[in-house]
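Undergrad: A predicted structure for the sequence below; I have some questions about it.
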Amino acid sequence: MNFRLEATDRNTHARAGVIETDHGPIATPVFMPVGTAGSVKAVHQRELVHDIHARIILGNTYHLYLRPGTEILVKAGGLHRFNGWSGPILTDSGGYQVYSLSENRKITEEGVTFRSHIDGSTHVFTPESVMDLQRSIGADFIMAFDECTPYPCDYDYAARSLKITHQWLQRCIKRFSETTNKYGYQQALLPIVQGSVYPDLRRQSAQFISDQDQFANAIGGLSVGEPHEDMYAMTGLVCEILPKEKPRYLMGVGTPENILECIALGVDMFDCVMPTRNARNGMLFTTDGIINIRNEKWKDDFSPIDSTLGGYVSTQHSKAYLRHLIISKEILGAQIASIHNLTFYLWLVDTAREHILKGTFSDWKKSMTERITRRL
């Protein structure tokens, strides 16, 4: 794998680059659609390529481990062959899902014991087993096993959690270095910076992660309920420490406004369930602002969902038709809305990249943020 920076905005820390992988190049900044159980909800791989123009998708170790099970994925030849996606894949380690199961898990220095949300059965994740699982799933980018601290949490808890996360990381790196790529293509391990909203813990973690000298680095434990100002402060602080020559991935963020702000802080990679989850509930992100398609005002609006974006879904279906589908709870409504929102997210980061390369990002970001945050 290789990462090369092509431009940095002169007024912000925004960057444009390219990550080379064995499954193809990834132009950055990039948004990664979330395919938790091996598929992006309500979206076919064909649409991911031709409408949305996705360059990389996510899978989740916790969910894929429980169902269909990694033995099935190994028999298939890895997740790429199982789901028919030929581009790069990143897998979350499962740490966030374990965090969300706070009533059904126990954390020790050895690892995490948890109960399945499917059948209540007991399972154990350790740094070593999570590395093996992600090798078997076949991700191009493998996330280190960490503890995602809740918000709010007190300083002592955050400090204890950070110590465990760093210990687990060293075990992840050791196991990763002792094993090989399972399906003949290069895989990379990404450490995760934690530390809640405490600047000294974030600095300590960012330096520790930098010292591990892995291919890329991630920022976790944000977008978990803290104010946006704290998210931006911690992200900016960490980006000042993480090496400039390596990609930076901000996990689970976020709204279009969040993404633009964090691009300006120096982040290269993003993911979030928001575009698809909100789509299924009728919230659309457009180049003119935010639409609740369930509102009566769209009942007889026969204009395209968003003619600026291009692509069949956003330009050929009217707001009135999509509202009808969503109100009627037709499956096609969730599909159209999901494809549209993901198309918007990819358009947003691609357009940001164009302006970084042209040297006009700062002015464009200001005007675009004002437009896309309006409620229509």
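TA: That came in fine, so what should we check first?
Undergrad: Just the element for residue 128, please.
TA: helix 127-137 (DSSP states H and E).
Undergrad: Pairing partners for whichever helix or strand comes after that helix, with directions?
TA: Proceeding N to C from helix 127-137, the next assigned helix or strand is strand 141-143, under DSSP H and E. Strands that pair with strand 141-143, judged by DSSP bridges, come out as strand 89-92 (parallel), strand 188-190 (parallel).
Undergrad: my guess is residue 312 meets residue 51, correct?
TA: Yes: Residue 312 is in contact with residue 51 according to CB atoms under 8 Å; the separation is 6.3 Å. Every residue, glycine included, has its C-beta placed from N, CA and C.
Undergrad: The two: who's more crowded?
TA: More neighbours surround residue 51 than the other of residue 312 and residue 51, with 21 against 13 (other CB atoms under 10 Å).
Undergrad: how many neighbours does the closest residue to that one other than its chain neighbours have?
TA: Distances taken as CB to CB, 6 or more residues apart in numbering place residue 311 nearest to residue 51, at 4.6 Å, with adjacent residues excluded. By other CB under 10 Å, the residues close to residue 311 number 20.
Undergrad: One more: the one 4 residues further on?
TA: A count of neighbours around residue 315, defined by other CB under 10 Å, yields 15.
Undergrad: With the one 4 residues further on instead?
TA: Look at residue 319: counted by other CB under 10 Å, it has 23 neighbours.
Undergrad: Please name the residues that touch the residue nearest to residue 51.
TA: 51-52, 339, 343 (CB atoms under 8 Å, 6 or more residues apart in numbering).
Undergrad: Filter those down to the ones in strands?
TA: Among those, no residue falls in strands (DSSP state E).
Undergrad: Can you add pLDDT and distance to residue 148 and give these back as TSV?
TA: What follows is the contacts of residue 311, written out as TSV (pLDDT from 0 to 100; distance: CB to CB, whole Å):
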residue	pLDDT	distance to residue 148
51	93	32
52	96	27
339	98	29
343	97	29
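Undergrad: Restricted to helices, list these.
TA: Under the assignment DSSP state H, the contacts of residue 311 contribute 339, 343 to helices.
Undergrad: Please identify which of the contacts of residue 311 is nearest to residue 27.
TA: residue 52 (14.3 Å; CB to CB).
Undergrad: you'd agree that closest one is up against residue 338?
TA: No: counting by CB under 8 Å, residue 338 is not a contact partner of residue 52; they are 9.3 Å apart.
Undergrad: so where's the protein shaky on pLDDT?
TA: 97-102 (pLDDT under 70).
Undergrad: same thing but at 50, please
TA: For the chain, applying pLDDT under 50 flags no range at all.
Undergrad: Domain-wise, how is it divided?
TA: 2-271, 273-376 (automatic domain parsing).
Undergrad: Mind listing what's buried along stretch 51-61?
TA: Residues 51-52, 54-61 are the ones in stretch 51-61 that count as buried (16 or more other CB atoms under 10 Å).
Undergrad: for stretch 120-132, same thing?
TA: Neighbour-count burial for stretch 120-132 [16+ other CB under 10 Å]: 123, 125-132.
Undergrad: Tell me which two in the residues you listed are the farthest apart.
TA: 123 and 131 (15.9 Å).
Undergrad: what helix or strand does residue 315 sit in?
TA: helix 312-316.
Undergrad: what residues does that helix touch?
TA: Taking CB under 8 Å, 6+ apart as the rule, helix 312-316 contacts 47, 51, 304-307, 309, 336, 339-340, 343-344.
Undergrad: What of stretch 170-185?
TA: So stretch 170-185 is contacted by 21-23, 74, 77-78, 80, 126-128, 130-132, 135-136, 138, 140, 142, 144-145, 187, 189, 191, 212, 214 (CB under 8 Å, 6+ apart).
Undergrad: follow-up on the earlier one: can you lay out the buried residues of stretch 120-132 as a markdown table showing distance to residue 116?
TA: What follows is the buried residues of stretch 120-132, written out as a markdown table (distance: CB to CB, whole Å):
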| residue | distance to residue 116 |
| --- | --- |
| 123 | 6 |
| 125 | 12 |
| 126 | 17 |
| 127 | 20 |
| 128 | 20 |
| 129 | 15 |
| 130 | 16 |
| 131 | 21 |
| 132 | 19 |
